[in-house]
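In: Starting from these lines, generate the structure:
(chains A and B)
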Amino acid sequence: QKEVEQDPGPLSVPEGAIVSLNCTYSNSAFQYFMWYRQYSRKGPDLLMYTYSSGNKEDGRFTAQVDKSSKYISLFIRDSQPSDSATYLCAGRKTSYDKVIFGPGTSLSVIP
Amino acid sequence: KAGVTQTPRYLIKTRGQQVTLSCSPISGHRSVSWYQQTPGQGLQFLFEYFSETQRNKGNFPGRFSGRQFSNSRSEMNVSTLELGDSALYLCASSETGGGEKLFFGSGTQLSVL
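Out: Numbers count the residues shown, from 1 in each chain, chains lettered A, B, ... in the order given. Sure thing, here's the model as predicted:
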């Protein structure tokens, strides 16, 4: 079993829609959670970094972590065609431990 | 500041050969991590170096090795290449490797024939 699981998609939504991306993880020791965005032929870029359970908002993006159910979510409001990318969730046990990524969900936002 | 630089961008090798990939981190960053990315497995952690010492290691065979130099530049080596080693190899740097953002390069696309 992979430590971090994601539905690979592809997910296709119309411009302006609210997008919900989800991950589950199996390692209960994870305390830090991240969402990265990866455009084609580029390396991933950090979107959100959260510690423990709770919500974090940054502009159109909201990250949610529920440690009791080992569930991570990313919500994108007013989605734009420029949001079309692969979204990777990740977790780590301590702030100096290796970062473990999910396989990514491919998102297309259609104009 | 210049970003993370990986060379070469593309590489074609045959089975049994060995390959060395290079990563130059952002100036001032002392931690370098390596990841293998494939369509089926996603991003898998290979190893992390900090101040020339391997600090974390993933679950890859001993054919995969790395090192870090005193200027923080890092290389990874894969010996006795197998077809399954075909992947995008990504390098990421951070100031200390702890708690902050990983900055990724654009990767080296390795094809093993």
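
In: ok, now how distant is the closest residue to B:Ser33 other than its chain neighbours from B:Ser70?
Out: Using C-beta to C-beta, 6 or more residues apart in numbering or on different chains and skipping residues adjacent in sequence, the residue nearest B:Ser33 is B:Glu48, 4.3 Å away. (C-beta placed from N, C-alpha, C; glycine too.) Distance of B:Glu48 to B:Ser70, given as C-beta to C-beta, to the nearest Å: 17 Å.

In: quick one on the thing from earlier: residue contacts, the residue nearest to B:Ser33?
Out: When contacts are counted by C-beta atoms under 8 Å, 6 or more residues apart in numbering or on different chains, B:Glu48 touches A:Lys98, B:Ser31, B:Val32, B:Ser33, B:Trp34, B:Gln54, B:Arg55, B:Asn56, B:Lys57, B:Gly97.

In: what about burial for these, which qualify?
Out: Among the contacts of B:Glu48, those classed as buried by neighbour count (16 or more other C-beta atoms under 10 Å in any protein chain shown) are A:Lys98, B:Ser31, B:Val32, B:Ser33, B:Trp34, B:Arg55, B:Asn56, B:Gly97.

In: And the fourth one, its phi and psi?
Out: Looking back up the chat, that one is B:Ser33. Main-chain torsions, B:Ser33, degrees, to the nearest 10: phi -120, psi 150.

In: what's the burial count for A:Asp66?
Out: When neighbours are defined as other C-beta atoms under 10 Å in any protein chain shown, A:Asp66 has 12 of them.

In: okay, it: pLDDT?
Out: pLDDT, A:Asp66: 94.

In: so what's it bridging to?
Out: On the basis of DSSP bridges, A:Asp66 is bridged to A:Tyr71.

In: Ok, B:Ser22 next?
Out: Bridge pairing for B:Ser22 - DSSP bridges - gives B:Thr7, B:Glu75.
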